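Colleague: Sequence first, then the predicted structure:
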Amino acid sequence: QGGGAAPARGFQMRSLKKGDKRETPPMIYYVGAAAGLAIGLSAWGSYRLGRSVMRSATSSRTQQPKDVVGTGLWAKRYYDGGFEDTMTRREAALILGCRESATKDIIQKKYRTLMKNNHPDLGGSRYIGVKINEAKELLSKTARDGDS
C-alpha cells in the first residue's frame, strides 16, 4: 500500500491535529549538545596547537648560534672584521645596517635605533657609540633627501 519510506525505528509518525504541538524527539537534543561539545573541543585543540607551535618557534630562535641574525632565508651573519683605521662608506653602511645610497631619513632611523641600544649613558660602549656617530656623519654628508 502507499509506498514511501518506512518511519525511523523508535520514533513513530502520527498525524497532527489542529492545536497539537509538535514534539521534538529527545535524541535531537543529544545530537545538538554533542555537536557543540565537538566544536568547542576542536577550537580548544586548535588554540593549544597554535600555542605550542609559537612556543617552539620562539625557543628555536634562542638556540641558534649567536653570530646569526634573522631566521630562515633572511638569516645573515655579522660582519666578522674589526673597524678600519679610516672609515669608508662601505663600513659606515655595514655599521648602520643600511645601503651606502640610503636617504637621510633612513640613516637617521637606523642611527636612532642603534643609539637606543648602545648609548654610553645607558651602559653601552663609548667606542661603539663613537663609531655609530662617525658612520652617521659620513653617510649623511652625501645622502640625498627623501622619505624612501
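Modeller: Looks like it arrived, so ask away.
Colleague: buried sites along the helix or strand containing Asn133?
Modeller: Using DSSP states H and E, Asn133 falls within helix 126-142. When burial is assessed from 16 or more other Cβ atoms under 10 Å, helix 126-142 yields the following buried residues: 128-129, 131-132, 134-136, 138-139. Heads up, the C-betas are built off the backbone N, CA and C, glycines and all.
Colleague: try stretch 85-101
Modeller: Going by neighbour count (16+ other Cβ under 10 Å), the buried part of stretch 85-101 is 87, 91-93, 95-96, 98, 100.
Colleague: any weak-confidence spans in this structure?
Modeller: In the predicted model, the chain carries pLDDT under 70 at residues 1-28, 58-81, 146-148.
Colleague: Now do the strands in it.
Modeller: Here the chain has its strands, by DSSP state E, at 68-69, 76-77.
Colleague: May I ask you to confirm that Ile128 is in contact with Asn117?
Modeller: No: checked against Cβ atoms under 8 Å, the pair Ile128 and Asn117 is beyond contact range at 9.6 Å.
Colleague: burial count for Ile106?
Modeller: Using other Cβ atoms under 10 Å, Ile106 has 19 neighbouring residues.
Colleague: tell me the helices in this protein, going along the chain?
Modeller: For the chain, applying DSSP state H gives helices covering 26-62, 89-96, 104-118, 126-142.
Colleague: Name the surrounding residues that touch the last one.
Modeller: So that's helix 126-142. The contact list for helix 126-142 (Cβ atoms under 8 Å, 6 or more residues apart in numbering) reads 83, 87, 89, 91-93, 95-96, 98, 100, 102, 104, 107-108, 111, 114-115, 118-120.
Colleague: same thing but 10 Å
Modeller: The contact list for helix 126-142 (Cβ atoms under 10 Å, 6 or more residues apart in numbering) reads 83, 86-89, 91-104, 106-108, 110-112, 114-115, 117-122, 124-125, 143.
Colleague: One more: stretch 110-119?
Modeller: Contacts of stretch 110-119 with the rest of the structure, by Cβ under 10 Å, 6+ apart, involve 93, 95-98, 102, 122-129, 131-133, 135-137, 139-140.
Colleague: Now that stretch: buried residues?
Modeller: Neighbour-count burial for stretch 110-119, counted by 16+ other Cβ under 10 Å, picks out 110-111, 114-115, 118.
Colleague: Mind telling me the two of those residues farthest from one another?
Modeller: The largest separation in the buried residues of stretch 110-119, counting by Cβ to Cβ, is between Lys110 and Asn118 at 12.1 Å.
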